[in-house]
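> what follows is a predicted structure for the sequence shown.
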Amino acid sequence: MRQVSGNQSTGRVRWRRFFAVLVPAYAAVAVMVGLVASGVLAVSFAISGTVATVTADSLTSGAVDGNGLGFYQLGIADFEGNGTPAPVVESIIPNATLVNLCQSVTVGPLTLRITAGTASGSPVTATNLVVDATSLSAASASFSNIQIGQDMGTFSNPALTEPTGRGTGPNVTTGPVPTGTFGQVATAVTLTGLRQSSLATAASSFTLPNLSLGFGAAC
């Protein structure tokens, strides 16, 4: 894994080969929400390694960022607290709207279930939202002006950054995404019948109308 210059810190590294293999298949079905890296991500944590299931009737991107884009995606590795790397596909959307969102995670005999955005006209909204996925699918996926093979280190407004949290471990660095990092971008994305498995989620803001949390069945 190629390191970037900068202080050793909590974070993630990208896996170019992993991403190059998975992106064409993922793009064909769906790519999930994410964060447009604005230089600072307002979270810092080591992933637990427990997979959460997330579903939504639809996910739609909103206003584009300063780069004129509404969607980014690249391959990285999150880290568990003990330093074990976990390869994921990180998808990025500056502004996202989700209808009928459900998230569930099972620990032992119990399943914690969260729902929101279930009422008509009151969807979930998120800014700078990131979800690191191990698998994802959708009934349909529509991209506007998609570019696969984009150099993810060429953006400046904002510049994409890599590791900004997500644990500690060998070779974990933080700083701008290096030029030559393989990725894909689009000006807009719309997904329907979304279903994904994720290891981590973060956002600058997350508005959840009609929030319901309790124990129950998986999504």
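The structure has been received and is ready for your questions. Numbers count the residues shown, from 1 in each chain.

> does residue 130 count as helix, strand or coil?
strand (DSSP: H, G, I helix; E, B strand; the rest coil).

> tell me how far the most centrally placed residue in the chain lies from residue 62.
Nearest to the geometric centre of the chain sits residue 131, at 2.5 Å (Cα atoms, centre = their mean). With distances taken as Cβ to Cβ, to the nearest Å, residue 131 is found 16 Å from residue 62. The C-beta positions use only the backbone N, C-alpha and C, and glycine is treated the same way.

> contacts for stretch 115-129?
The contact list for stretch 115-129 (Cβ atoms under 8 Å, 6 or more residues apart in numbering) reads 33-36, 38, 41, 56, 93-103, 201-212.

> okay, and which of those residues map to strands?
56, 93-99, 101-103, 201-202, 205-207, 212 (DSSP state E).

> got a quick PyMOL command for the buried subset of those?
Selecting only the buried entries of the ones in strands among the contacts of stretch 115-129 in PyMOL, with 16 or more other Cβ atoms under 10 Å as the criterion:
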select buried, resi 56+93+94+95+96+97+98+99+101+102+103+201+202+206
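
> which non-adjacent residue is nearest residue 200?
residue 132 (4.5 Å; Cβ to Cβ, 6 or more residues apart in numbering).

> any idea how far residue 86 is from that neighbour?
8 Å.

> so residue 53 makes contact with residue 195?
Yes. Using Cβ atoms under 8 Å, residue 53 is in contact with residue 195, at 7.4 Å.

> intersection of neighbour lists for those two?
What both residue 53 and residue 195 touch, as defined by Cβ under 8 Å, 6+ apart, is the set residue 219.
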